[in-house]
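[1] Output the structure for:
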Amino acid sequence: MKSLAVVNYSSAPMSVELQEVERPIAGDDDVILQVEAVSVCGSDLHQWHGTNSWAVNYPVVLGHEFCGVIVELGKNVEALGNWQVGQKVVTETAAVVDTTSPLSRVGKYNLDPGRKGFGYGVNGGMTRYAKVAARLLHKIPESISFEYAAMTEPCAVAYSATIAPGFIRPGDRIVILGPGPIGVLCAAVAKLAGAEVALVGLAKDQNRLNIARAYGCEVIIGDASEWAKSVDGLGADGVVDAAGVSASLKHALEVVRPDGWISKVGWGPQPLDFSLDPLVAKNVTLRGTFSHNWPMWERVLRLLGNGKLDLRPVLGGVFPIKDWRTAFEKMQSGEILKSVIKPE
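    Residues are numbered from 1 along each chain as shown. So this is what the prediction gives:
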């Protein structure tokens, strides 16, 4: 049985197209998902443009933010009885890991050096059927639609960058640099923790900044120094760099207070062009944050299920798979924040 898929077939720019692919075969520890919704990520756009800084196993079906219905169980999965055909589930992204590695054994499988993710390491979810290891599955609360469940992954990224480190306290003043999907979600999650939040972008980011206003955030064009230092002149308690470029980390060091923290979640292959001496002089904690793990996903799904984390401002449009290019272009232009694709 063949289905349409959005396939990245080469490292050359614009090497993405619709192709027909075979339905995958479940391994003993896998399930087959009938994909109902897949959210477009900025990394999908980077692979489309050939600007990704990570290795890709071409050709590969794009999409790592997806959910659906179980339609087939592998032999071991069926024997355990933890999952049933017909269940609505969403999947984590660490498709292949060494489950015996030291990192996996302490629950940090997201950092396993041999990790391969959906959409670049193995085939992802921008097609009708996807093979998923059962260890990655989470039940979708009844109150969440497939369209919103597909966005659990970027919410988990935001949770990992803001709440998981344990830095934020109620009343803290937090600056978020970069109003892309992750930046806006970081702002929304930081607000849930009781922080005052300012989201920083450029004039061209007005649509995205308006979305952040829906979460009660201050929005700033350009320089966040005045807002960060408006209380006691020392700066923000914490900064989340969701932009990734060299200039954003430099600005983070300028606006963070002494003994504050910076959480860097944005990717950027460019070398730094400034000194890190302010990091030392201010005694600042700089923390990289990558991916997420089981407890983060469970907490995010509870926040989505009880309505405390509302994704309605984030979802900009739902598109059939044949219109994948439109879905990509609308996100790329900043017209909408998140696109969701519906396979068929």
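
[2] Which stretches in the stretch 101-250 of the chain count as strands?
    Secondary structure of the stretch 101-250 of the chain by DSSP state E, counting those that start in this stretch: the strands cover 129-133, 137-139, 173-177, 196-201, 218-221, 236-241.

[3] closest to Met296 out of the ones you listed?
    strand 137-139 (10.6 Å; C-beta to C-beta). C-beta coordinates here come from the backbone N, C-alpha and C atoms, glycine included.

[4] List the strands paired with the closest one, with their directions.
    strand 88-91 (antiparallel) (DSSP bridges).

[5] Quick check: most distant residue from the centroid of this structure.
    When distances are taken from the C-alpha mean of the chain, Asp232 lies farthest, 33.7 Å away, according to C-alpha atoms, centre = their mean.

[6] How much space separates the spatially closest residue to Glu218 that is not a sequence neighbour from Val219?
    Closest residue to Glu218 apart from its sequence neighbours, by C-beta to C-beta, 6 or more residues apart in numbering: Ala198 at 4.2 Å. Look at Ala198 and Val219: by C-beta to C-beta, to the nearest Å, they are 7 Å apart.

[7] which of those two has more neighbours?
    Neighbour count, other C-beta atoms under 10 Å: between Ala198 and Val219, Ala198 has more, with 24 against 20.

[8] what sits against the more buried one?
    Shown in contact with Ala198 (C-beta atoms under 8 Å, 6 or more residues apart in numbering): 173-176, 217-220, 224, 227-228, 236.

[9] With Ala133 instead?
    29-30, 95-96 are the contacts of Ala133 under C-beta under 8 Å, 6+ apart.

[10] what's the answer for Ile336, then?
    207, 316-317, 330.

[11] hmm, try it at 7 Å
    By C-beta atoms under 7 Å, 6 or more residues apart in numbering, the residues touching Ile336 are 316-317, 330.

[12] how near is it to Pro181?
    10 Å.

[13] Looking at the contacts of Ile336, which is nearest Gln19?
    Lys330 (22.2 Å).

[14] And the contacts of the strand or helix carrying Met331?
    Element membership of Met331, judged by DSSP states H and E, is helix 324-332. Contact partners of helix 324-332, identified using C-beta under 7 Å, 6+ apart, comprise 6, 18, 40, 45, 48, 316-317, 319, 336, 338-339, 341.

[15] Would you state the helices of this protein in chain order?
    42-49, 75-80, 102-105, 146-149, 152-162, 181-192, 206-213, 225-228, 246-255, 277-281, 294-305, 324-332 (DSSP state H).

[16] can you list contacts of the fourth one?
    In other words, helix 146-149. 36-37, 67, 90, 140, 304, 311, 315, 318, 340.

[17] again, but for the third one
    For helix 102-105, contacts defined as C-beta under 7 Å, 6+ apart pick out 97-98, 109, 111-112.

[18] biggest separation within these, which pair?
    That would be Asp98 and Leu111, which, of those, are the farthest apart (C-beta to C-beta) at 11.3 Å.

[19] ok, Gly183 - contacts?
    So Gly183 contacts 176, 199, 242 (C-beta under 7 Å, 6+ apart).

[20] The first one: neighbour count?
    Residues near Ile176, counting by other C-beta under 10 Å, number 36.

[21] That one against Ala187, yeah?
    Yes. With contacts counted by C-beta atoms under 7 Å, Ile176 reaches Ala187, the gap being 4.8 Å.

[22] Quick check: neighbours shared by these two?
    197, 199.

[23] need the helices of the chain in JSON lines with distance to Leu62, can you?
    What follows is the helices of the chain, written out as JSON lines (distance: least, C-beta to C-beta, whole Å):
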{"stretch": "helix 42-49", "distance to Leu62": "5"}
{"stretch": "helix 75-80", "distance to Leu62": "25"}
{"stretch": "helix 102-105", "distance to Leu62": "26"}
{"stretch": "helix 146-149", "distance to Leu62": "18"}
{"stretch": "helix 152-162", "distance to Leu62": "14"}
{"stretch": "helix 181-192", "distance to Leu62": "16"}
{"stretch": "helix 206-213", "distance to Leu62": "22"}
{"stretch": "helix 225-228", "distance to Leu62": "37"}
{"stretch": "helix 246-255", "distance to Leu62": "26"}
{"stretch": "helix 277-281", "distance to Leu62": "36"}
{"stretch": "helix 294-305", "distance to Leu62": "21"}
{"stretch": "helix 324-332", "distance to Leu62": "9"}
